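1. Can you look at this prediction? I've put the sequence above it.
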Amino acid sequence: MEAALHALTTFPNEDSCRSTMSTVEIAELTGKRHDNVMRSARDLKERGIIVSPQIEEVFHNGLGGAQKRSAFHLNKVESINLVSRLSQEYMSAIINRWLELEEASKSPRVSDLTRRNL
């Protein structure tokens, strides 16, 4: 798996940062095709279970060369809801991944350290 897919993604707001997991990473962790994961995510969005995902355009190198596709960045509850719909057997993998993301977010980032030293 690519290291970039496992990087903690944060979207800053006034008080805190919100961690997310991409549908690309969910597809890799569950062994499902990304288009199937996105289909389920869109269905959950239509039902109001996924409320406002961050949408990102990602490039994928497939058999036909590089292709642009959309990916959602979901919060913890949304990603767990999505995986529970995809497959119960992968729930522990997603929960363990969230524990890793939360632990990583506790470590100060280089940009935070630089800002404090200014």
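-> Received, thanks. Residues are numbered from 1 along each chain as shown.
2. Tell me who's in contact with the spatially closest residue to residue 20 that is not a sequence neighbour.
-> Take residue 20 and drop its neighbours on the chain: the residue closest to it by C-beta to C-beta, 6 or more residues apart in numbering is residue 73, 3.8 Å away. Where C-beta positions appear, they are placed from N, C-alpha and C, glycine not excepted. Residue 73 is in contact with 9, 11, 20, 21, 22, 23, 53, 54, 55, 56, counting by C-beta atoms under 8 Å, 6 or more residues apart in numbering.
3. among these, which ones are buried?
-> 9, 20, 21, 22, 23, 53 (16 or more other C-beta atoms under 10 Å).
4. Could you dump those into TSV and include distance to residue 86, pLDDT and secondary structure?
-> Output for those, formatted as TSV (distance: C-beta to C-beta, whole Å; pLDDT from 0 to 100; DSSP: H, G, I helix; E, B strand; the rest coil):
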residue	distance to residue 86	pLDDT	secondary structure
9	20	43	strand
20	17	87	strand
21	13	89	strand
22	14	91	strand
23	10	93	helix
53	16	81	coil
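5. biggest separation within the contacts of residue 73, which pair?
-> Maximum pairwise distance in those, criterion C-beta to C-beta, is 15.6 Å, between 11 and 23.
6. Including distance to residue 105, could the buried ones among the contacts of residue 73 go into CSV?
-> Compiled in CSV, these are given as follows (distance: C-beta to C-beta, whole Å):
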residue, distance to residue 105
9, 10
20, 11
21, 12
22, 15
23, 20
53, 19
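7. nearest to residue 44, of these?
-> Nearest to residue 44 among these is residue 53, at 9.4 Å by C-beta to C-beta.
8. Now the phi/psi pair for the closest one, please.
-> With angles defined as degrees, to the nearest 10, residue 53 sits at phi -70, psi 150.
9. Who are the contact partners of it?
-> Per C-beta under 8 Å, 6+ apart, neighbours of residue 53: 41, 45, 72, 73, 74, 78.
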